[in-house]
Structure formats: C-alpha cells, structure tokens
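In: Please work out how this folds:
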Amino acid sequence: MEYEKLNKIILERLKENLPEHLSYHSVMHVKDVIDSVEKIAKSEKVNEEDLLLLKTAALFHDTGFLYGSKDHEEKSCEIAEEYLSDYGYSESQIKKIKGMIMATKIPQTPHNNLEQILADADLDYLGRDDFFVIGDKLFEELSMFGIVNSERDWNLLQEKFLESHHYFTTTAISSRNQKKQDNLNIIKTKLKNY
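Out: Prediction:
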C-alpha cells in the first residue's frame with residue numbers, strides 16, 4: 001500500500017480543486033481527521049495494516065466534496081475506488097475503506113471498530129478546546145449554503161447535534177466526552193442569552 005504517495009496526490013488535488021467556499025470541509029479538516037485517526041488508533045491498539053487503512057479512509061472521506069455536498073460519502077467511495085487498486089490496495093482492503101468512509105455519514109452508524117475510529121476522528125473536534133474555532137468555519141460554510149441564517153439558528157443546530165451525538169471508541173469516550181459536554185453547556189448559556 002503506497003499511502004504516502006497517495007497522501008501527496010489527494011491532498012494536492014483537494015488543495016487545487018475544492019470549492020473555495022468550503023471553509024470547514026477543507027484540506028485542514030482532512031489533515032485533522034488523519035491526525036485524530038492516528039491518535040485514536042494507537043490508543044485502541046490497532047495493528048499497522050489497519051492503521052494504514054484508517055489513514056487512507058480519512059484521506060478520502062471528504063473527497064466527494066469535489067463534486068458537491070450531496071451524497072458526498074458515496075462519491076468519496078467512488079473516488080477511493082478509482083485510485084486504490086493502482087496503489088497496491090486489495091479488493092478486501094478497498095471494501096473496508098469504503099465501509100469506514102460511509103461510517104462518517106450523519107447520523108453515524110459504524111459497524112466495526114475501524115469504522116468507529118474514523119467516525120470518532122471525523123468529529124473529534126466536538127470534544128476539544130478548538131471546538132468554537134472549528135465550529136465557526138462550519139457556521140460560515142452552512143451559512144453559505146443557506147442551511148443556517150443566524151448565529152441563534154447555528155447554536156440551536158449545534159445544541160441538537162451535540163445532544164444526539166455520541167462517541168463510539170473507549171478512547172474518544174474517555175478523552176472527549178467531558179469537554180464535549182462543557183462545549184454544549186457554553187452553547188446552552190449562549191442560547192439563554194438571546
């Protein structure tokens with residue numbers, strides 16, 4: 001598996017071709033998810049091969065945005081399939097990677113440990129200190145698409161999302177749940193003050 005080669009090619013393609021109005025679904029987000037996948041996978045004692053599959057799935061998980069936001073996970077799977085066999089990935093590895101990519105679709109429904117790791121890595125920021133910084137980028141993007149029209153709409157959406165979201169891996173539950181709850185409490189306070 002030639003992950004390093006692929007990483008350069010895909011990040012370059014995203015850098016050059018992702019629509020500029022995507023302030024959240026950007027190269028920064030992809031790199032962040034790859035980093036989070038590595039941290040969670042190490043903590044979950046994932047073997048080397050599975051770690052490479054996870055990093056590959058993280059690399060491709062939002063490539064579908066090159067063609068728009070609708071059903072981007074399915075499109076990401078198609079793009080992954082176009083590349084992976086040329087870079088030494090077997091059919092069964094490609095199938096696993098596509099399963100992981102689909103596990104990031106909201107609402108998340110991962111079916112195995114690897115899918116749980118990618119799902120948690122994709123939303124790792126919900127339980128981090130940079131939650132509001134990253135959230136602002138998503139707010140900007142969703143405003144652009146007309147999904148939210150005001151900061152209050154946005155906070156209501158975030159409140160609902162955080163209340164329904166849960167992490168799957170032991171690692172994310174123990175390292176992110178408390179901070180996620182703190183972030184939710186801040187949002188609830190903001191909503192009281194409107």
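
In: where along this protein do the helices fall?
Out: Counting by DSSP state H, the chain has helices at residues 3-17, 27-43, 48-60, 72-84, 91-102, 113-122, 131-144, 151-164, 170-192.

In: Which one of those helices lies nearest to residue 66?
Out: When the helices of the chain are compared by C-beta to C-beta, helix 3-17 sits nearest residue 66, at 5.4 Å. The C-beta positions use only the backbone N, C-alpha and C, and glycine is treated the same way.

In: mean confidence score for that closest one?
Out: Regarding helix 3-17, the rounded mean pLDDT is 98.

In: Going by neighbour count, list what's buried in that helix.
Out: Neighbour-count burial for helix 3-17, counted by 16 or more other C-beta atoms under 10 Å, picks out 3, 6, 7, 10, 14.

In: before we move on, back to that, quick check: which of the helices of the chain has the most neighbours on average?
Out: Among the helices of the chain, helix 113-122 has the highest mean neighbour count (mean count of other C-beta atoms under 10 Å), at a mean of 25.

In: Report the distance from that one to the chain centre.
Out: Relative to the centre of its chain, helix 113-122 is centred 9 Å away, using C-alpha atoms, centre = their mean, to the nearest Å.

In: how about CSV for the helices of the chain, with distance to residue 66 added?
Out: As requested, the helices of the chain are exported to CSV (distance: least, C-beta to C-beta, whole Å):
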stretch, distance to residue 66
helix 3-17, 5
helix 27-43, 12
helix 48-60, 11
helix 72-84, 7
helix 91-102, 14
helix 113-122, 17
helix 131-144, 15
helix 151-164, 25
helix 170-192, 28
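
In: Not counting sequence-adjacent ones, nearest residue to the spatially most central residue of the chain?
Out: Among the residues of the chain, the one closest to the centroid is residue 122, at 2.5 Å (C-alpha atoms, centre = their mean). Counting by C-beta to C-beta, 6 or more residues apart in numbering, residue 122 lies nearest to residue 104, which is 4.6 Å off, once chain neighbours are set aside.
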